[in-house]
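Chemist: one predicted model, sequence on top.
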Amino acid sequence: MHSYLSMHLKKCILIGLLVIAIVPTAFSQPLNLYDAVNQTLASYPLIQQRQAEVASSKAHISTVNGNRLPSLRLIEEATAGTSNSIPGSYFPLGVIPSTSGSIRTGNNSNMASGNIAISYLDWQFFTFGYYTAQKKEAQAQLATTKASLESDKYLLVQSVITLYLDWLKKYRLLKIESENVERTQTILNAIKAVVNSGLKPGVDSATASAEYARARINYLQALGDYKYDQAYMHTYTGADTTGTVPDTSIFKSSFNNKIKLFEPTDSVVNAHPLLNVYEQQYEQQAAAGNTIAHKYLPHVGFEGAGWIRGSSISSKDTYAPDALDGTANTRYNYLLGLSLSYNLFDLKHRQDELRENRYRTDAAKYALQNQQLQLNRLLQQAGIGYTTTMQKLQELPVRLRSAAQAYGQQVALYKAGLNTLTDVTNALYVLSQSETDLVLAQDDMLQLLYLRAGLSNQTDLFLQQFKP
């Protein structure tokens, strides 16, 4: 008998050490949902990427504003070579240097030097609204990138909240499985005492041992599920979550009364991040179409040039003794002009680009309408689910209290030899299932509350419920 008690004591100590090693303890640091979301938004690479894109779009507006500035080129060029011209015109090819001067009867191989300094101004000062359209398109692009940032923030927060609530659920389910291990251990000890006294058959002890093993297997499975989400949280928050547990303070007071205080308005507003990004994409396509319409209109410009020249060839076609004498400037000129440019054949390009952009604009409009339909459908489904889940939450606490009382009574009756192990096992199953159903229903309620809050663009109000 003493040997049996010693072995049993060692087994209990071993199990206790195992539980202490792997179960999240009271000394673990709790991580609340509010902080988890803020940590993710502060460090997640996708948000930093979108912020850089917003900065780029702001810089692009400055670039577009610079299109209104004139072009002023300053050129200085010194040359040395022959000067033999013949009459006739040709289109500039870019590889044939220009030769100016008198035309002589034959070639002259003597080298002549020259110098030219040019100042050239080109200013398209009136474009019939093209510059304004470019600026509006750049501003629309900035609005789109900002909307994309807010949309990605919303989706990222949605992912973190969904994961966190699942992590919280698995943490609570793990505690239930841990308590089941303790309960089956208590039942097993009681059964062994009754069997050893001869009041119950030995088969009860074997059956209870099997139930105890099953409880431990369920616990280990729940622990693995919990650890998976715990590690997954690290990929969002960037913090080491191995020593953290989810915050369960929202369940410490009356959960049903607490959630009734939070009632989001069930309406999908136009300012919703998932709608606004589509709205801004539509506006950007419309702005692009306006830019195309103005791009092919006439451009009115002012052009001016001034230049000075020097040459080692005199006005009488006499070469200077020193070929480098041409570096001194001896002539100057200036030229002013007002230009109007318009390519008639661009009308075809204009029509093609406008038609192409019109299809893109229509696609953006239909994408917006589709997103509105999806969000409204989700909101209706969330409302139906909320009503059903609230009704379940009214009944489940009553069921849990009754199951706990029945379990305690069945254990007491078994110890007195007035019922069977099957009665105790069934009572334990009902109690465990009642606890699990309550946890799952409360998780469903939190998920539905967030869905309603998110669709109504009131995520901050939901997160305030978890703020420490």
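Modeler: Now that the structure is in, tell me what you want to look at. Just so we're clear, the structure is a prediction, and the values are computed from it rather than from any experiment.

Chemist: where do the helices sit along the stretch 351-468 of the chain?
Modeler: Counting by DSSP state H, counting those that start in this stretch, the stretch 351-468 of the chain has helices at residues 421-455, 459-464.

Chemist: so where is the stretch 101-250 of the chain shaky, pLDDT-wise?
Modeler: 194-202 (pLDDT under 70).

Chemist: can you give me the helices in it?
Modeler: Using DSSP H, counting those that start in this stretch, helices in the stretch 101-250 of the chain cover 130-196, 203-237.

Chemist: residue 303 against residue 121, yeah?
Modeler: Yes: using C-beta atoms under 8 Å, residue 303 is in contact with residue 121, at 6.5 Å. Glycine gets a C-beta too; all of them are placed from N, C-alpha and C.

Chemist: quick check: mean pLDDT of stretch 362-374?
Modeler: The average pLDDT for stretch 362-374 rounds to 93.

Chemist: list the contacts of that stretch.
Modeler: Identification of contacts with stretch 362-374 by C-beta atoms under 8 Å, 6 or more residues apart in numbering yields 268, 274, 275, 278, 279, 281, 282, 284, 285.

Chemist: would you turn those residues into a markdown table with secondary structure, pLDDT and distance to residue 461?
Modeler: Converted to a markdown table, the contacts of stretch 362-374 look like this (DSSP: H, G, I helix; E, B strand; the rest coil; pLDDT from 0 to 100; distance: C-beta to C-beta, whole Å):
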| residue | secondary structure | pLDDT | distance to residue 461 |
| --- | --- | --- | --- |
| 268 | coil | 78 | 16 |
| 274 | helix | 91 | 17 |
| 275 | helix | 92 | 19 |
| 278 | helix | 93 | 24 |
| 279 | helix | 94 | 23 |
| 281 | helix | 94 | 28 |
| 282 | helix | 94 | 29 |
| 284 | helix | 94 | 31 |
| 285 | helix | 94 | 33 |
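
Chemist: any chance of a markdown table for those residues, columns distance to residue 140 and neighbour count?
Modeler: Output for the contacts of stretch 362-374, formatted as a markdown table (distance: C-beta to C-beta, whole Å; neighbours: other C-beta atoms under 10 Å):
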| residue | distance to residue 140 | neighbour count |
| --- | --- | --- |
| 268 | 23 | 20 |
| 274 | 19 | 20 |
| 275 | 16 | 19 |
| 278 | 13 | 22 |
| 279 | 11 | 20 |
| 281 | 9 | 23 |
| 282 | 10 | 22 |
| 284 | 4 | 24 |
| 285 | 9 | 22 |
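
Chemist: can you redo these as a markdown table with distance to residue 386?
Modeler: Converted to a markdown table, those look like this (distance: C-beta to C-beta, whole Å):
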| residue | distance to residue 386 |
| --- | --- |
| 268 | 16 |
| 274 | 20 |
| 275 | 22 |
| 278 | 27 |
| 279 | 28 |
| 281 | 32 |
| 282 | 32 |
| 284 | 37 |
| 285 | 37 |
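
Chemist: of all these, which comes closest to residue 212?
Modeler: Set against residue 212, the nearest of the contacts of stretch 362-374 by C-beta to C-beta is residue 274 (49.8 Å).

Chemist: residue contacts, that closest one?
Modeler: Per C-beta under 8 Å, 6+ apart, neighbours of residue 274: 151, 154, 155, 371, 375.

Chemist: which one of the helices of the stretch 101-250 of the chain lies nearest to residue 337?
Modeler: Closest approach to residue 337 among the helices of the stretch 101-250 of the chain is made by helix 130-196 (20.6 Å; C-beta to C-beta).

Chemist: please identify the most buried of the helices of the stretch 101-250 of the chain.
Modeler: helix 130-196 (a mean of 19; mean count of other C-beta atoms under 10 Å).

Chemist: report the angle between that one and helix 203-237.
Modeler: 160 degrees (axes from the mean of the first three to the mean of the last three C-alpha atoms, to 10 degrees).

Chemist: center of the protein - which residue?
Modeler: Against the mean C-alpha coordinate of the chain, by C-alpha atoms, centre = their mean, the closest residue is residue 152 at 3.1 Å.

Chemist: wait, isn't it in contact with residue 45?
Modeler: No: contact criterion C-beta under 8 Å: residue 152 and residue 45 do not qualify, at 11.0 Å.

Chemist: for the chain, which strand is longest?
Modeler: What stands out as the longest strand in the chain, according to DSSP state E, is strand 112-126.

Chemist: hmm, who's touching that one?
Modeler: 70-83, 299-313, 319, 323-329.

Chemist: quick one: the strands in the stretch 1-150 of the chain?
Modeler: Secondary structure of the stretch 1-150 of the chain (DSSP state E, counting those that start in this stretch): strands located at 29-31, 71-81, 112-126.

Chemist: which residues are in contact with residue 150?
Modeler: 273, 276, 277.

Chemist: what's the neighbour count on the second one?
Modeler: By the other C-beta atoms under 10 Å criterion, the neighbourhood of residue 276 contains 22 residues.

Chemist: how close does it sit to residue 230?
Modeler: When distance is defined by C-beta to C-beta, to the nearest Å, residue 276 is 34 Å away from residue 230.

Chemist: kindly report the same for residue 361.
Modeler: 47 Å.

Chemist: also residue 316?
Modeler: In terms of C-beta to C-beta, residue 316 sits 96 Å off from residue 230.

Chemist: go on, residue 177?
Modeler: 16 Å.

Chemist: and for residue 141?
Modeler: From residue 141 over to residue 230 (counting by C-beta to C-beta), the distance is 41 Å.
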